[in-house]
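Colleague: Next input, structure requested:
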Amino acid sequence: MKGILSIVFLSLLIVQDNFTFTNENQKVILSIDNNAKTLTWEKNSIIKLRVENIDTKKMTMSAKGIMFMKSDKPTEEVNLSITPKRESFQNDTLNLHIGFKNEKNEFIHHKFLILITK
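Modeller: Reported below is the predicted structural model:
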């Protein structure tokens, strides 16, 4: 029985999505153009942050080089645009910081790490 539980647990770890952050009943799901898992140097990409139970008007986001874009669903998602320039980064990772308040009015912070490739 322990062996089966271990296999199920390992399977969940492998399938876990690095672009989803959950805090109790609140959730942020990050997606990149065409379901890509990385950004590309010198290429414009659109990053969508879909949210559940979070007020997007009070949500904070910061990262090097991001620009806010208009969204068709402003209460459900935030759209960001980025064209990563090599000279602006010290490494090959975009650190996208997000923040919001939970139901207890406590500030919640999360950092998405997005790889930038050729």
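Colleague: now for the longest strand along the chain, which elements pack on it?
Modeller: Longest strand in the chain, counting residues (DSSP state E): strand 107-117. In terms of contacts (3 or more CB pairs under 8 Å, 6 or more residues apart in numbering; DSSP states H and E), strand 107-117 is packed against strand 20-23, strand 26-32, strand 39-40, strand 93-101. In short, each C-beta sits where N, CA and C put it, glycine included.
Colleague: can you do 6 Å?
Modeller: For strand 107-117, the elements it packs on are strand 39-40, strand 93-101, judged by 3 or more CB pairs under 6 Å, 6 or more residues apart in numbering; DSSP states H and E.
Colleague: quick one, which of the ones you listed is packed in tightest?
Modeller: The highest average neighbour count among those, using mean count of other CB atoms under 10 Å, belongs to strand 39-40 at a mean of 18.
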